[in-house]
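> Model the structure of this input:
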Amino acid sequence: MRIAFDVSPLSHERTGVNNYIRGSLHGLAEAAAAGGHEVVAFAPTSPKGRAVIKEAVAGFPLDLRLVGLPGAHWIRTAWSRAGRPPVERFLGPIDVLHFTDWMYPPQRSGIRATTIHDLVPLRFPEWVTPRTRSMHVRKYGHAAKTCDLMFANSAFTADDVAETLGFPRDRVIVAHPGIGEAFEIDGEAADLGRPYLLTVATLEPRKNLSTLVDAFRLLGDLDLNLVIVGGRGWGEQPALAYPGVELLGRVDDAELARLYRGAAAVVYPSRFEGFGMPITEAMASGAPVVASSHPSLDEACGDAALRADPESAESFAAAIREALGQREALRTAGLAHAATFSWAKTGRIFLEGYLQFA
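Below is the predicted model of the structure:
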């Protein structure tokens, strides 16, 4: 089986979606190679993006086909909308086309698949840019009409896709994200000079950081800082200027793992997610976790996190206090839960899905 896999988004910075694309591709490439199949990773991308993608997939057992083009975004959009020429013209015969987040290229034959990470642009357009909404809503509609199967990062997202897009639920396959190799309990723990709570989130309304800061205000009797890792996002920026709140911006995986290991607790107050990868990363690194009680986070949390109402600072403050008193029990439960996720497993699920519908 020859599998064409779109890696266009890997030309940009590593956010949750990109981490999923990269991790699932790695797992798929390993599973395919073991089974005698071939993965062709491809992308029309900017000249700068070519170098970034090459670095992202270095060492993966696959055939990489990149075309560097000025104005690559507009070319991808035009190619998707025009519906021609088929991808086979550039890649040769294929048995599967798996497109990801930024385009839905045409194909002449074979299985057609995609991944849906969440339906935020469709359900909550106020939480994304107009460009993001336009691009993703077109993709959702096209995928629902043309795909043989879809992959979702959680059963919550899979159910949402089936209900909202009208796509057969038995053709939406759940492939939970794995956990990066950096995130493990063994290793150096960060020492920031004072105990700290840690949250990992893009600075945007959906991540609900204002509620977290309000909860932090209610913990003033504790000797704690609040450390926020993540870059500036879109929309109204949360009010984060408060004594003890420290913004670190984006950090690499090695530094993030150090921060997880050193945290008194990791707190994830998001209002809505496809899965919630920082939760399982934190657990794998040995951190106790307090997370939003929104059901989109149920699979990431399992029974290993304390939960709190995302609209209540009081609920989060109480859950944080409880977590600090149950650190060892939460660490033990979190490590066991995190051990059930791997990119190798995600990749095998992808390959099995293609074979099932071939």
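> Where do the domain boundaries of this structure fall?
Domains of the chain are assigned by automatic domain parsing as 2-178+342-357, 196-338.
> Looking at these, which one is packed in the most?
Counting by mean count of other Cβ atoms under 10 Å, domain 196-338 has the highest mean neighbour count of the domains of the chain, with a mean of 20. Where C-beta positions appear, they are placed from N, C-alpha and C, glycine not excepted.
> Any idea how far that domain is from the middle of the chain?
16 Å (Cα atoms, centre = their mean, to the nearest Å).
> could you pull out the helices for the protein?
16-34, 47-56, 72-82, 88-91, 120-123, 130-146, 155-165, 209-217, 253-262, 277-284, 298-301, 313-325, 327-338, 343-357 (DSSP state H).
> N225 is nearest to which of the ones you listed?
N225 lies closest to helix 209-217 among the helices of the chain, at 8.8 Å (Cβ to Cβ).
> Give me the contact list for the closest one.
197, 199, 201, 203, 224, 226, 228, 238-240, 242, 244-245, 267, 269, 310-314, 316-317, 320 (Cβ atoms under 8 Å, 6 or more residues apart in numbering).
> Quickly note the distance from the closest residue to R206 other than its chain neighbours to N208.
Distance criterion Cβ to Cβ, 6 or more residues apart in numbering; nearest residue to R206, sequence neighbours excluded, is W127 at 4.6 Å. For W127, the distance to N208 equals 11 Å [Cβ to Cβ, to the nearest Å].
> How about F350?
Taken as Cβ to Cβ, the span from F350 to N208 is 31 Å.
> Report the residue spans of the protein with pLDDT below the cut-off.
Nowhere does the chain drop to pLDDT under 70.
> which strand of it spans the most residues?
Assignment by DSSP state E gives strand 38-45 as the longest strand of the chain.
> Identify all contacting residues around that one.
Residues contacting strand 38-45 (Cβ under 8 Å, 6+ apart): 1-8, 10-11, 25, 28-29, 32-33, 49, 53, 57, 60-69, 72, 75-76, 79, 87, 90-91, 94.
> Now do that strand against helix 16-34, angle only.
Going by axes from the mean of the first three to the mean of the last three Cα atoms, to 10 degrees, strand 38-45 is angled at 150 degrees with respect to helix 16-34.
> Now do strand 38-45: distance to the chain's middle.
For strand 38-45, the distance to the chain centre is 20 Å (Cα atoms, centre = their mean).
> same question, stretch 51-68
Counting by Cα atoms, centre = their mean, stretch 51-68 comes out at 20 Å from the chain centroid.
> Span of that stretch from start to end?
Taking Cα to Cα, to the nearest Å, stretch 51-68 runs 10 Å from one end to the other.
> Correct me if wrong: R50 contacts L69.
No - using Cβ atoms under 8 Å, R50 is not in contact with L69; the gap is 9.5 Å.
> Tell me who's in contact with V172.
Per Cβ under 8 Å, 6+ apart, neighbours of V172: 116, 149-152, 158, 161-162.
> how about 10 Å then?
116, 147, 149-152, 155, 157-162, 165, 353 (Cβ atoms under 10 Å, 6 or more residues apart in numbering).
> How about it, nearest residue that isn't a chain neighbour?
A158 (4.3 Å).
> Same check on R327?
P288 (5.0 Å).
> just T129 next, same as before
W234 (5.0 Å).
> And that neighbour, its phi and psi?
phi -100, psi 150 (degrees, to the nearest 10).
> correct me, but it touches V120?
No - counting by Cβ atoms under 10 Å, W234 does not reach V120; the two are 11.7 Å apart.
> Residues that sit against both of these two, list them.
127-128, 132, 206.
> Of the residues you listed, which is the nearest to H294?
Ranked by distance to H294 (Cβ to Cβ), these are led by R206 at 10.6 Å.
> what's the distance between the closest one and A319?
For R206, the distance to A319 equals 20 Å [Cβ to Cβ].
> and what of L149?
Counting by Cβ to Cβ - L149 and A319 are separated by 38 Å.
> now G35
In terms of Cβ to Cβ, G35 sits 44 Å off from A319.
> For the residue of the chain positioned farthest from its centre, give me its contacts.
What lies farthest from the middle of the chain is D221; by Cα atoms, centre = their mean that is 34.9 Å. D221 is in contact with R321, counting by Cβ under 10 Å, 6+ apart.
> could you check the distance from it over to G244?
Distance from D221 to G244, by Cβ to Cβ: 12 Å.
> Same question for P310.
P310 is 21 Å from G244, by Cβ to Cβ.
> repeat for I185
Distance, I185 to G244, using Cβ to Cβ: 27 Å.
> Need phi/psi at the nearest residue to H117 once chain neighbours are set aside.
Nearest non-adjacent residue to H117, counting by Cβ to Cβ, 6+ apart: G274, 4.3 Å away. Taking degrees, to the nearest 10, you get phi -80, psi -40 for the backbone angles of G274.
> Assess the claim that G274 and F156 are in contact.
Yes - shown here, G274 and F156 form a contact pair, counting by Cβ under 10 Å, at 7.8 Å.
> Overlap of the contact sets of these two?
118, 296-297, 299-300.
> What is the nearest of these to D252?
A300 (21.8 Å).
> if I pick that closest one, what's in contact with it?
153-154, 156, 176-177, 268, 273-283, 289, 291, 337-338, 341.
> quick one: it and P278, what's the gap?
Distance from A300 to P278, by Cβ to Cβ: 8 Å.
> shared neighbours, those two?
By Cβ under 10 Å, 6+ apart, the residues touching both A300 and P278 are 268, 289, 291.
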